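# The sequence and its predicted three-dimensional model are supplied below.
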Amino acid sequence: MSGSRLGFEVHARADAPIEVVWAVLADARGWHTWTRMKRSELEAEGDPAPDGVGALRAFSTGPITSRERVTGFEPPHRLTYTLESGLPVEDYRAEVTLAPDGDATSITWQSSFARATWPGAGRALRAFLHFAVRDIAGRLAAESTRRAASHEGAGT
């Protein structure tokens, strides 16, 4: 991440084909089934419908709801989004990149923000977001692996 932005990069690996990982990642309405989110929904559909560019995704872990706008949607390789509201940071941007890795899929999640809106809280918020994104990326890998294994088992 360049400049004075606070950012991080997280890596995970799913024992699943890239199309399976993409299907899990792109379906914002299903995130509550495999993350710590209590609620996940689309407040507005994007292009292509439903989860593409312009989609407004809402995620809640309880009393706080974050809203993210999809800014890039390139199946099955790349998803980008910005934070619209819900966390005390300005200009939050993230990019999730999927790449084939043999029979598996490599997941790279890059996130950054310009500054915290709470004075002096930038590094603490960076650490919190790094923890949260690392958890989500790990759960994405695990859920994709589970779905791929379930599908293989159904086909035999």
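Good, I have the coordinates. Residues are numbered from 1 along each chain as shown.

# ranges for the helices of this protein?
18-26, 122-155 (DSSP state H).

# Nearest to Tyr81 among the ones you listed would be which one?
helix 18-26 (11.0 Å; Cβ to Cβ). (Glycine included, C-beta is placed from N, CA and C.)

# List the buried residues in that closest one.
By neighbour count with 16 or more other Cβ atoms under 10 Å, helix 18-26 contains the buried residues Ile18, Val20, Val21, Trp22, Ala23, Val24, Leu25, Ala26.

# Please name whichever of the helices of the chain is nearest to Asp91.
Of all these, helix 122-155 sits nearest to Asp91, with 12.3 Å by Cβ to Cβ.

# how about low-confidence regions in this protein?
Applying pLDDT under 70 to the chain flags the ranges 1-3, 153-156.

# What ranges does it have for its strands?
Under the criterion DSSP state E, strands of the chain are mapped to 6-14, 39-44, 56-60, 65-74, 78-85, 89-90, 93-101, 104-113, 115-116.

# roughly how far apart are Gly86 and Phe128?
13 Å (Cβ to Cβ, to the nearest Å).

# Ignore what I typed, I meant Glu84.
18 Å.

# before we move on, what about Val70?
23 Å.

# Between the two, point out the one with more neighbours.
For Val70 and Phe128, the more surrounded residue by other Cβ atoms under 10 Å is Val70, and the numbers stand at 23 against 13.
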